[in-house]
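[1] take a look and give me a structure for this.
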Amino acid sequence: MKRILVLGGTLLALLVAAVLALPFIIPHDFIAGQLKQAVKAETGRTLTIGEAPKLVFWPDFAVTLKDVRLSTPPGMYEGQVAQMDEMRIRVEVASLFNRRLDIKELHLIRPKLSLVIDGEGRPNWVLEKTRGEQGGGSSPGIETGSIAPITIEDGDVRFLDERSGKVFMAEKVDLTITLDSLTGPVAVKGTLTALGDDIALSFSAKTPGELAAAGSPLSLAVKSKRLDFSFSGLAAMQDGLTLDGTITAAADSLRELGRWARIPVPDGAGFGPARIKGQIALSGTNMKLSKAKITLDGLSAGGDVALELSGRPKVTANLGFDTIDVNRYLPPQEAAPEAAAGQTGWSAAPIALAGLGVVDAQLKLSANKLLYRSLATGKIAIDATLKNGKFDARLGQIALYGGKAQGRLVLDGAAKVPAVQVTLDAQGFDGLRLLRDYAGLDRFEGVAGAKLNLAANGRSQQELVSSLNGTAAFSFANGAVRGIDIEAMIEDVATNVLNGWRQGPDAKTPFDSLRASFTLVNGIATTNDLNFTSPVLTVGGGGLVDLPRQALNLKVSPTLTLAAAQGLDLAGLAVPIIVKGPWANPKIYPDIAGILDNPQAAYDTLRKIVDEGTTASLKEKGAEIKNQIKDKVADEIGKALGDDQAGEDAGNMIEEQSQKLLEGLFGNN
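    Sure, this is the predicted structure:
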């Protein structure tokens, strides 16, 4: 037992002596020399160390190097690819006796990495031997051993591609780099700060030395408060960045992500939460997503998307949506204020089309449903282009409230004054539902059709309406006018000037057809073929619809078709009626001048009615009508026109021109 203790003590003493002798056996400059030779042999670069290495033997054997710099590859510009304040190395002690460098730990403090691709496409970070050195130019006996994980603390990274001028910078870089050798597989994990955001990074490459040539299998994951991104596939940087693989990306706000990436995105609605997954093919500034699944603002789509980032960004897409909700991207509608005297209901707020100039686009879109304000279509196909701020969309067959439609919409946001063009051909749709959803108008029922060919320019809704030019035609069949009894109005207008449409919740006028076509010049719509046909009434006429002022000036001639069906000839009794004033509350009164244009026809018709006994009360009230008609007409016409003198003149004309007519009908009693 005593011998065992003596032997153990002897071995311990020898071990202590060996450790104490290490600083003398292994000179400080040996470590530095070994490092320099190893780097030169492996990379062809120059490693410089500002101060003599400091050795620590307890608790671990370690080397501390200060002011360390690694040069760029031979043949490139003068400078350093890396420099750091301090580098700490922990090595396997036994490897030093064998002139090998087995690194168990490598810690870089405040390194500055300058990663550059020069004008010829050569990266400065690829660690390779030069061709001459591969032939045996390195010092004999030097062998690169194993390399433990490399840790980077508080570093800065600058990336420059001299071919495109693109620059990327990161600071506060804290990374752990795992690699088996200077040219083998590499894995990187850690955090950094870029463009003001903290980013968590995970990266691995199978053959990093091939990234600048044929490429390497690579995986990348990036996570920040704005973006969660991952890629898996093949990557290369021979002619700019090339990716071919699978991508997944998610952002809480696409607008904020674009601004963070220095892409100008104007204020507005939409472009919030987004998620993309698909096969990516990226080459330089061109990117294509195939079999993509995209979610934006709660809307889902699938298909192919291509993006060109050289110059003005351009998006090319062929996507199918379940729903296209345009409302997500429209500014909120302002509540319409109560119109004061002389005011119109059109908004003077500026219309924002600046967003059309952000990107160019070529889009083929289809959807099961499109929502715009309260309007909802069925299936729709859109073929659209956006170039230099001008949007041109062709609308294919649209399922529209039981009917079909097709058309075209052009928005020119690049013009000095924004311009709009609309063409539309819609047939067989439910007029009540469409007008109610689109315009809040529930006045007309029936199977409807519309044809529009309109153009306007302006900076607001008010200016657009005031510049509206083109043609429009509308038709309704087998429907009704809700809230208005047109037949009762025509009866009332014979004795009263009507103020407004005489609306009532239970009123209703059925019709067989209602149609009109218009020519528009500067917002004034002119028609001469307004036609309304019902079982008891036919109304024809024309006039003006003043869109800017929201006013009417129409002249219509009603004919009682029921009387005609009874065998009475009332063709000459189509008494013209004037509809004039604000379209919400116009004045409605008989056109006396129109009656007197053909008094003989009116006389013949009325005489026939009296003779056939159709209206016996006319004879009884003839004297009363004759005595009161002048004052009545003068008073009511004056009220309607707001001109007492005009009313008096009309009354005098009535008295003079109608005296013989009334006496012929009722006699001199």
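[2] show me the contacts for Phe159.
    Counting by C-beta atoms under 8 Å, 6 or more residues apart in numbering, Phe159 touches 115-116, 167-169. Backbone N, C-alpha and C define where each C-beta goes, glycine included.
[3] separate out the buried members of those.
    By neighbour count, with 16 or more other C-beta atoms under 10 Å, the contacts of Phe159 hold Val116 as buried.
[4] okay if I get the contacts of Phe159 as a markdown table plus secondary structure, distance to Ala249 and pLDDT?
    Listed next are the contacts of Phe159 as a markdown table, based on DSSP: H, G, I helix; E, B strand; the rest coil; distance: C-beta to C-beta, whole Å; pLDDT from 0 to 100:
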| residue | secondary structure | distance to Ala249 | pLDDT |
| --- | --- | --- | --- |
| Leu115 | strand | 24 | 86 |
| Val116 | strand | 27 | 86 |
| Val167 | strand | 22 | 84 |
| Phe168 | strand | 18 | 84 |
| Met169 | strand | 22 | 90 |
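[5] and the contacts of Phe159, which is closest to Phe476?
    Set against Phe476, the nearest of those by C-beta to C-beta is Phe168 (62.5 Å).
[6] so the residue lying closest to the closest one once chain neighbours are set aside is in which element?
    Excluding the flanking residues, the one nearest Phe168 by C-beta to C-beta, 6 or more residues apart in numbering is Phe159, at 4.2 Å. Per DSSP states H and E, Phe159 falls inside strand 150-161.
[7] with only the CA atoms kept, save that strand in PDB.
    Extracted in PDB, the C-alpha atoms of strand 150-161 (Å, rounded to 0.1, in the frame of the first residue of the first chain):
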ATOM      1  CA  ILE A 150     -17.300  29.700 -32.600                       C
ATOM      2  CA  THR A 151     -19.100  32.400 -30.600                       C
ATOM      3  CA  ILE A 152     -19.400  36.000 -31.700                       C
ATOM      4  CA  GLU A 153     -20.100  38.700 -29.100                       C
ATOM      5  CA  ASP A 154     -21.300  42.200 -29.900                       C
ATOM      6  CA  GLY A 155     -20.200  42.100 -33.500                       C
ATOM      7  CA  ASP A 156     -21.000  44.200 -36.600                       C
ATOM      8  CA  VAL A 157     -21.600  42.900 -40.100                       C
ATOM      9  CA  ARG A 158     -21.600  44.800 -43.400                       C
ATOM     10  CA  PHE A 159     -22.500  43.200 -46.700                       C
ATOM     11  CA  LEU A 160     -21.900  44.900 -50.000                       C
ATOM     12  CA  ASP A 161     -22.600  43.600 -53.500                       C
END
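[8] out of the contacts of Phe159, who's nearest Ala376?
    Ala376 lies nearest to Phe168 out of these, by C-beta to C-beta, at 45.4 Å.
[9] and the closest one, what does it touch?
    When contacts are counted by C-beta under 8 Å, 6+ apart, Phe168 touches 157-159, 194.
[10] go through the residues you listed and name the one nearest Pro576.
    Using C-beta to C-beta, Ala194 comes nearest to Pro576 of the contacts of Phe168, at 77.1 Å.
[11] coming back round to it: from Val91, how far out is the residue nearest to Phe168?
    Here the criterion is C-beta to C-beta, to the nearest Å. By it, Phe159 lies 31 Å from Val91.
[12] list the buried residues for stretch 108-120?
    By neighbour count on 16+ other C-beta under 10 Å, the buried set for stretch 108-120 is 108-109, 111-114, 116-118.
[13] I misspoke; the intended subject was stretch 192-203.
    For stretch 192-203, the neighbour count (16+ other C-beta under 10 Å) marks 192-194, 199, 201, 203 as buried.
[14] just give the nearest non-adjacent residue to the residue nearest the centre of the chain, would you?
    Nearest to the geometric centre of the chain sits Tyr329, at 5.7 Å (C-alpha atoms, centre = their mean). Excluding the flanking residues, the one nearest Tyr329 by C-beta to C-beta, 6+ apart is Gly270, at 3.9 Å.
[15] in the protein, mark out all the helices, start to finish.
    2-25, 28-43, 93-97, 131-132, 254-260, 431-439, 461-466, 486-493, 561-565, 592-596, 599-611, 617-620, 622-641, 644-666 (DSSP state H).
[16] and for Ala348, the neighbour number?
    Neighbours of Ala348 under the rule other C-beta atoms under 10 Å: 10.
[17] and it, backbone torsions?
    Backbone geometry at Ala348, expressed as degrees, to the nearest 10, gives phi -100, psi 10.
[18] let's have the buried residues of stretch 108-120 in CSV, adding distance to Val447.
    Formatted as CSV, these follow (distance: C-beta to C-beta, whole Å):
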residue, distance to Val447
Leu108, 78
Ile109, 80
Pro111, 76
Lys112, 75
Leu113, 72
Ser114, 73
Val116, 70
Ile117, 66
Asp118, 71
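[19] quick check: the farthest pair among these?
    Across the buried residues of stretch 108-120, no pair lies farther apart than Ile109 and Asp118, at 28.6 Å, counting by C-beta to C-beta.
[20] who's in contact with Val359?
    Contact analysis of Val359 by C-beta under 8 Å, 6+ apart lists 312-315, 386.
[21] what does the domain assignment say about the chain?
    Following automatic domain parsing, one gets these domains for the chain: 1-183, 196-298, 596-669.
[22] for the ones you listed, which has the smallest mean pLDDT value?
    Of all the domains of the chain, domain 596-669 carries the lowest average pLDDT, namely a mean of 49.
[23] what residues of stretch 394-405 count as buried?
    By 16+ other C-beta under 10 Å, the buried positions in stretch 394-405 come out as 395, 398-401, 403, 405.
[24] and for stretch 280-290?
    Using 16+ other C-beta under 10 Å as the test for burial, stretch 280-290 gives 280-282, 287-289.
[25] which members of those residues are the farthest-apart pair?
    So, the buried residues of stretch 280-290 by C-beta to C-beta: farthest apart are Leu282 and Leu289, at 9.5 Å.
[26] now do the end-to-end distance for stretch 265-273.
    15 Å (C-alpha to C-alpha, to the nearest Å).
[27] neighbouring contacts of it?
    Stretch 265-273 is contacted from outside by 250-255, 258-259, 295-298, 328-332, 352, 354-355, 358, using C-beta under 8 Å, 6+ apart.
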